[in-house]
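Enquirer: build me a model from this:
(one chain, ligands or ions: 1)
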Amino acid sequence: MYDLGDKRWLINLNQIKPSGKKVMLTFDDGPGKHLPLILDILKEKQVKALFFWQSRLLYNGRPWKRVLKDGHLIGSHASNHTNLTSLTKELQYRHIQGSVEKIETITGGQVKYFRPPFGQYNEDTMEILHDLNLTPVMWDLTSYDWNHQENPTCIKTNIISHLQEGSIILLHELKQTTMILPELIDEIRNQGYEFELIS
Ligand SMILES: [Zn+2]
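Expert: The predicted model follows:
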């Protein structure tokens with residue numbers, strides 16, 4: 001279901017990242033049913049994160065107000081999880097622009113950041129993002145959390161063993177991720193890192 005995308009592009013795209021001994025948490029593919037628990041944990045641990053939402057999952061009953069009130073950011077992960085590179089430019093535009101419009105209409109806030117599904121994009125995608133004034137945010141550290149339903153501790157190990165200054169960490173709104181999130185946050189801090197949210 002998930003794909004890491006093309007690493008060469010990732011390097012080029014990581015122009016936005018925390019500086020110094022700081023890292024940023026990102027949660028993809030929501031808003032889903034585990035979001036309230038993720039918000040509880042982040043609040044308790046005083047960490048702010050960037051959520052990339054599929055706009056098809058966003059409706060008024062989702063706790064988007066709390067996400068914003070707690071100081072997190074909501075970015076677009078397109079309308080559904082279609083690989084944008086399989087679409088014409090016109091269709092890509094509809095998926096991207098439509099998702100941003102829906103999120104902005106419901107939340108009343110401006111969407112500034114975009115992450116393509118599967119990390120996959122092409123020149124058309126980049127032109128559209130430029131035209132819509134959206135900043136792409138990729139990641140340089142994945143937890144492979146979708147693979148570790150049976151053994152959530154691996155999620156933490158994957159991250160801690162690859163942590164570096166400025167890391168943008170890819171997580172998902174999954175049950176196994178909520179199970180290790182508190183200890184993951186503690187361990188990142190134990191390693192001497194702080195959390196920072198780009199603004
Ligand atoms: Zn995704």
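
Enquirer: wait, Met50 touches Gly71, no?
Expert: Rather than Met, residue 50 is Leu. No. Between Leu50 and Gly71 there is no contact under Cβ atoms under 8 Å: 11.0 Å. For every residue, glycine as well, the C-beta is placed using N, CA and C.

Enquirer: joint contacts of these two?
Expert: Common contacts of Leu50 and Gly71, defined by Cβ atoms under 8 Å, 6 or more residues apart in numbering, comprise Leu197.

Enquirer: looking at those two, which one has more neighbours?
Expert: Leu50 (19 against 13; other Cβ atoms under 10 Å).

Enquirer: quickly list what that one is bridged to.
Expert: Leu50 has these beta-bridge partners by DSSP bridges: Thr26, Leu73.

Enquirer: give the contact list for it.
Expert: Taking Cβ under 8 Å, 6+ apart as the test, what Leu50 contacts is Met24, Leu25, Thr26, Phe27, His72, Leu73, Ile74, Gly75, Tyr113, Val137, Leu197, Ile198.

Enquirer: I'd like to know how far it sits from the ion.
Expert: Plainly put, Leu50 is 13 Å away from the ion if you go by Cβ to the ion, to the nearest Å.

Enquirer: and for Tyr93?
Expert: From Tyr93 across to the ion, the span is 19 Å (Cβ to the ion).

Enquirer: got it, and His172?
Expert: 7 Å.

Enquirer: counting contacts, what elements does the one helix or strand Thr178 maps to pack onto?
Expert: Per DSSP states H and E, Thr178 falls inside helix 175-190. Judged by 3 or more Cβ pairs under 8 Å, 6 or more residues apart in numbering; DSSP states H and E, helix 175-190 is in contact with helix 35-45, helix 153-160.

Enquirer: now find how far off-centre the longest one is within its chain.
Expert: With Cα atoms, centre = their mean, to the nearest Å as the basis, helix 35-45 stands 15 Å off its chain's centre.
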